[in-house]
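*Asks:* Following is a predicted model, sequence given first.
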Amino acid sequence: DSGVTQTPKHLITATGQRVTLRCSPRSGDLSVYWYQQSLDQGLQFLIQYYNGEERAKGNILERFSAQQFPDLHSELNLSSLELGDSALYFCASSTGGTSSYEQYFGPGTRLTVT
Amino acid sequence: AQSVAQPEDQVNVAEGNPLTVKCTYSVSGNPYLFWYVQYPNRGLQFLLKYITGDNLVKGSYGFEAEFNKSQTSFHLKKPSALVSDSALYFCAVRDRGSGNTPLVFGKGTRLSVIA
């Protein structure tokens, strides 16, 4: 158990809908990262937050947004969903300090868009 | 831009034999390198990392990896494979920039250990 929690575990929704994925980082970790894992694209970095502020952006669609709250949990919002958004969405966390290297991953949320 | 290549989609090895999962990387400077493992319906688990120092790094579950700067490689190895090692393995690289930059992952290599 990495200490990173994600809810829900599974999500099934229809095209055009909006969903919110939630992540709680390990205790003490300030950095949160979101990744998307799909069969054709592999593991892709979406966005990173550090202590409530956006730190880096990857291949995140404009229909997707995220935020990190004062208690450090993070939410990833996916809107106007398309079939191609079906994927596993992972959250990872790290301490964010200068000696922080590896990231610890949550169990993921499997999103199915029908 | 950083990139990672895992040239083999699938590696098959007999139980008890040594295993190697290959990884090569491309970064502009000196890298931080990582290996993660993913079991079915699970998240990624951290195995080991290379930051600096000894080129041979040891990690969890008896795995080790060798950093080779001249060949820009970071191959994952284990002297004696177990059936329970069967999983999807990802190599990842991170730039030594300021702060905690995101990981760039390879496509993954599926390891199958046959009894």
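*Replies:* Yep, it's here.

*Asks:* Return the residues of chain A in contact with chain B.
*Replies:* For chain A, the residues in contact with chain B (Cβ under 8 Å from any Cβ of the partner chain) are A:2, A:4, A:31, A:33, A:42-43, A:45, A:48, A:50, A:55-56, A:58, A:90, A:92, A:94, A:96, A:100-108. For glycine as for every other residue, the C-beta is placed from the backbone atoms N, C-alpha and C.

*Asks:* Only the buried subset of the residues you listed, as a ChimeraX command please.
*Replies:* Entered in ChimeraX, the line below selects the buried ones among the residues of chain A next to chain B, by 16 or more other Cβ atoms under 10 Å in any protein chain shown:
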select /A:2,4,31,33,42,43,45,48,50,55,56,90,92,94,96,101,102,103,104,105,106,107,108
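
*Asks:* In strands, which of the residues of chain A next to chain B appear?
*Replies:* Cross-referencing the residues of chain A next to chain B against strands under DSSP state E gives A:31, A:33, A:42-43, A:45, A:48, A:50, A:55-56, A:90, A:92, A:94, A:104-105.

*Asks:* Would you mind confirming that residue A:79 is in contact with residue A:64?
*Replies:* Yes. With contact defined as Cβ atoms under 8 Å, residue A:79 reaches residue A:64; the gap is 7.5 Å.

*Asks:* So those two - more neighbours on which side?
*Replies:* In this view residue A:79 and residue A:64 are compared by other Cβ atoms under 10 Å in any protein chain shown, and residue A:64 has more residues nearby, 19 against 15.

*Asks:* about what we covered before: report the two of the ones in strands among the residues of chain A next to chain B separated the most.
*Replies:* A:42 and A:50 (24.5 Å; Cβ to Cβ).

*Asks:* Please identify the nearest residue in space to the spatially most central residue of chain A, excluding sequence neighbours.
*Replies:* What sits nearest the mean C-alpha location of chain A, by Cα atoms, centre = their mean, is residue A:34, with 3.1 Å. Distances taken as Cβ to Cβ, 6 or more residues apart in numbering or on different chains place residue A:46 nearest to residue A:34, at 4.2 Å, with adjacent residues excluded.
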